[in-house]
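Chemist: Using only what follows, build the 3D model:
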Amino acid sequence: MKQVLLQLKCPHCFHVNLKVAETIVNPNIESDLKRQILNDEFFTLRCRCNTPIHFLYPCVYVDKKQHLILFMKEAEVLHDDRCIQRLVHDAEQFKEMIRIADAHLDDRAVFQIKRRLLSKNGKQLLYFLDCDGEYLWFTCEGQISGVAKADYDKLAAKLAPPTHEVIDVDLL
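Modeler: Numbers count the residues shown, from 1 in each chain. Coordinates of the predicted model:
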């Protein structure tokens, strides 16, 4: 796969670290990269002083099995009429979209539920964690809350089939 060399300055000791980073991530070929994303390792580097350096860079996540393409930041857009395509802005949104696809959920319905929960509790950050068949689980500032899967099913049933244009997740 195509790679870039990133120079990352440590905020603690100011050492310039070099990181070889993938510009296209295909979890069907490189499953370890998906694990790194979900475990907060993909966009993090440990400096020699042991300080974690968090970074973002333009990259594309292409999961043909889940029919999902994610674009981080200003990544070059790939068009595929068979995949849902989303623009994400941070590592948490990146992970969240992968989890939603892995749970075989419609991200538009999940984001409608998120908006309801956010307006109810007045918090700013809320992320989808998992679906166990009965509940959709979300995390908000360390607190985990569940929403009945039946509520999701009602919302999802009302939605038109998804389009295959690139949509910013902040606009879902």
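
Chemist: going forward, measure contacts between C-alpha atoms and count neighbours the same way
Modeler: Fine.

Chemist: max-length helix in this protein?
Modeler: helix 107-121 (DSSP state H).

Chemist: Beyond it, next helix or strand please.
Modeler: Of the helices and strands lying after helix 107-121 in sequence (DSSP states H and E), the nearest is strand 127-131.

Chemist: Could you point out the helix or strand that follows that next one?
Modeler: strand 135-140.

Chemist: If you count contacts, what does that following strand end up packed against?
Modeler: Here strand 135-140 touches strand 127-131, strand 143-148, helix 149-158, going by 3 or more C-alpha pairs under 8 Å, 6 or more residues apart in numbering; DSSP states H and E.

Chemist: Now render those as TSV, adding mean neighbour count and distance to Asp170.
Modeler: As requested, those are exported to TSV (neighbours: other C-alpha atoms under 10 Å; distance: least, C-alpha to C-alpha, whole Å):
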stretch	mean neighbour count	distance to Asp170
strand 127-131	20	12
strand 143-148	13	21
helix 149-158	14	18
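
Chemist: I'd like the mean pLDDT over stretch 110-122, please.
Modeler: Averaged across stretch 110-122, pLDDT comes to 88.

Chemist: quick one: contacts of it?
Modeler: 100, 124-128, 152, 172 (C-alpha atoms under 8 Å, 6 or more residues apart in numbering).

Chemist: of all the residues you listed, which two lie farthest apart?
Modeler: Gln124 and Tyr152 (20.9 Å; C-alpha to C-alpha).
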